[in-house]
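>>> Generate coordinates for the sequence data below:
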Amino acid sequence: MRKLKILKTAFKATIFYSLIRLLVLIIFRIADLYDFLHFHYSNDLAWIFLTIIFPLSTAILIALKVKSKFLTDLGKFFLPLLIIVTITGYGFNKSYWGHIIKRPSVFSELKDATEILSITEANKDFNSSKFEISKDTIKYYDHDYFLDLYYKNFERPFMQFGALGQRGNLYQYKDIAENSNLKLLKEELKVVETLILNSGFLVKPDESYEEYGNQLNIQIIEFTTSGEQGYLISKSIEDRKKPLFDYDSKYLFVTINSGQLENDHYPIYEFLIEDNEIVKKQKYFYDLAGIEGAEYSLLAPIAETTILILSLILFGIYKLIIKLRKNWLQHRI
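Take a look at the predicted model:
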């Protein structure tokens, strides 16, 4: 009896769950918040709560209060379709975009940063296996407001630093990046090169895309973390071997992208290196003039509403068949 009650609640809850998610989508779209929340560099829990936990818990509470045989019967058609579509959608996300629900947040160590020691730009040609320090200086812009987070990839750590306020010298990242003395040495870059190229984490480009996919753009941020996070400074670091503050740990945060691996499809790799060892790594993909934005997490409420309508149609056909069969049997008698 208890199992039957749980099933009835589940059947009803799935319908309310999808309707609430659709309402969330509409509200976020009207407020122009949907892309901002989904592609944000550091809000995995907020996204999961707003789009999954909140709708699901609210739907269960409503389902427990509402008694409706119609919704229960409709849910019997809807729940299996919802499970199939959800598994398929998230499977596509993982296969094509490199993540199941949303882009991974930056590593937690960046949130504990207190001082930047160096910022090094490098590149690797498609027909080479060497990382070369770039002579070009990338322009770093203020990140107070972001109109399009979709293409903000190398900027992710700096957006995180900006969110930390006046901590250490984090707000001076532009000056550090432009300081030719605050770069990794060639032998240090060689260590990073060996670690990454031997990691087996980089995706091989499709045939005929090798020239694009094997060409890498690399950004390496050397930074420290400390439990003491109230540091304020008025001058920038001048010698990366002489940190201005005591620290607990020192890391290299490496961001890499390449040309397209297949038509209009590009990767972003992030590595965290400590003591010449990769301790964390993650990747995701984006499209340029391709199917950017076609991620299941963004399309799910629309897909779920579509299958809810399909369930209504199937349910109506089922009821019609039952009614016709009943009438036929009555006429036989």
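>>> The one helix or strand Ile322 maps to: which residues count as buried?
In this assignment (DSSP states H and E), Ile322 forms part of helix 296-332. By neighbour count with 16 or more other CB atoms under 10 Å, helix 296-332 contains the buried residues Tyr296, Ser297, Leu298, Leu299, Ala300, Pro301, Ala303, Glu304, Ile307, Leu308, Ser311, Phe315. (Each C-beta comes from the backbone N, C-alpha and C, glycine too.)
>>> Pick out the lowest-pLDDT one from the residues you listed.
Ranked by pLDDT, those bottom out at Phe315, which has 77.
>>> what's the nearest residue to the residue positioned nearest the centre of the chain if we skip its chain neighbours?
Central residue of the chain (CA atoms, centre = their mean): Arg103, 0.6 Å from the mean position. Take Arg103 and drop its neighbours on the chain: the residue closest to it by CB to CB, 6 or more residues apart in numbering is Tyr284, 4.9 Å away.
>>> hey, where'd the strands end up in this structure?
In the chain, the strands defined using DSSP state E lie at 113-124, 132-133, 216-225, 249-258, 265-274, 277-287.
>>> Nearest approach to Arg21 belongs to which of those strands?
Proximity to Arg21 (CB to CB) singles out strand 277-287 among the strands of the chain, at 22.6 Å.
>>> if I read this right, Trp97 contacts Phe285, doesn't it?
Yes - between Trp97 and Phe285 a contact is recorded at 5.3 Å, counting by CB atoms under 8 Å.
>>> dump the residue contacts of Phe39.
Listed by CB atoms under 8 Å, 6 or more residues apart in numbering, the contact partners of Phe39 are Lys102, Arg103, Leu149, Tyr150, Lys152.
>>> if we can go back for a sec, can you tell me which of the strands of the chain the model trusts least?
strand 132-133 (a mean of 87).
>>> What are the contacting residues of it?
With CB under 8 Å, 6+ apart as the criterion, strand 132-133 contacts Thr120, Glu121, Ala122, Asn123, Lys124, Asp125, Lys183, Leu184, Lys186, Leu189.
>>> Return the member of those nearest to Trp328.
For the contacts of strand 132-133, the nearest to Trp328 is Lys124 (73.7 Å; CB to CB).
>>> Quick check: bridge partners of that closest one?
Leu216 (DSSP bridges).
>>> what about it, distance to Val192?
Per CB to CB, to the nearest Å, Lys124 is found 11 Å from Val192.
>>> Please apply the same query to Ile84.
Computed as CB to CB, the Ile84 to Val192 distance reads 44 Å.
>>> With neighbour numbers in mind, choose between those two.
Val192 (21 against 11; other CB atoms under 10 Å).
>>> Okay, that one and Phe161: tell me how far apart.
20 Å.
>>> which residues do Lys124 and Val192 both contact?
Among the neighbours of Lys124, those also in contact with Val192 (CB under 8 Å, 6+ apart) are Phe131.
>>> ok, Thr255 touching Pro267?
No - applying CB under 8 Å as the test, Thr255 and Pro267 come out as separate, 11.0 Å apart.
>>> Between those two, which has more neighbouring residues?
Per other CB under 10 Å, whichever of Thr255 and Pro267 has more neighbours is Pro267, with 22 against 19.
>>> Touching, that one and Lys283? I think so.
Yes - counting by CB under 8 Å, Pro267 touches Lys283, with 5.9 Å between them.
>>> Quick check, Lys76 in contact with Phe11.
Yes - if you go by CB under 8 Å, Lys76 and Phe11 touch, sitting 5.6 Å apart.
>>> Neighbour count: these two, which is higher?
Phe11 (20 against 17).
>>> Show me the protein divided up by domain.
Per automatic domain parsing, the domain ranges recorded for the chain read 2-102+295-332, 108-287.
>>> Quick one: list the elements packing against the helix holding Ile322.
Contacts defined by 3 or more CB pairs under 8 Å, 6 or more residues apart in numbering; DSSP states H and E place helix 296-332 against helix 2-30, helix 34-38, helix 69-92.
>>> Out of the ones you listed, the one nearest Leu272 is which?
helix 34-38 (23.3 Å).
>>> Can you name the residues that contact Ile83?
Applying CB under 8 Å, 6+ apart to Ile83 gives no contacts.
>>> change it to 10 Å
Taking CB atoms under 10 Å, 6 or more residues apart in numbering, we find Ile83 in contact with Thr14.
>>> With Lys111 instead?
Contacts of Lys111 (CB under 10 Å, 6+ apart): Ser42, Ser105, Gln160, Phe161, Ala163, Leu164, Thr225, Gln229.
>>> most neighbours, which of these?
With neighbours taken as other CB under 10 Å, the top of the contacts of Lys111 is Phe161, carrying 24 neighbours.
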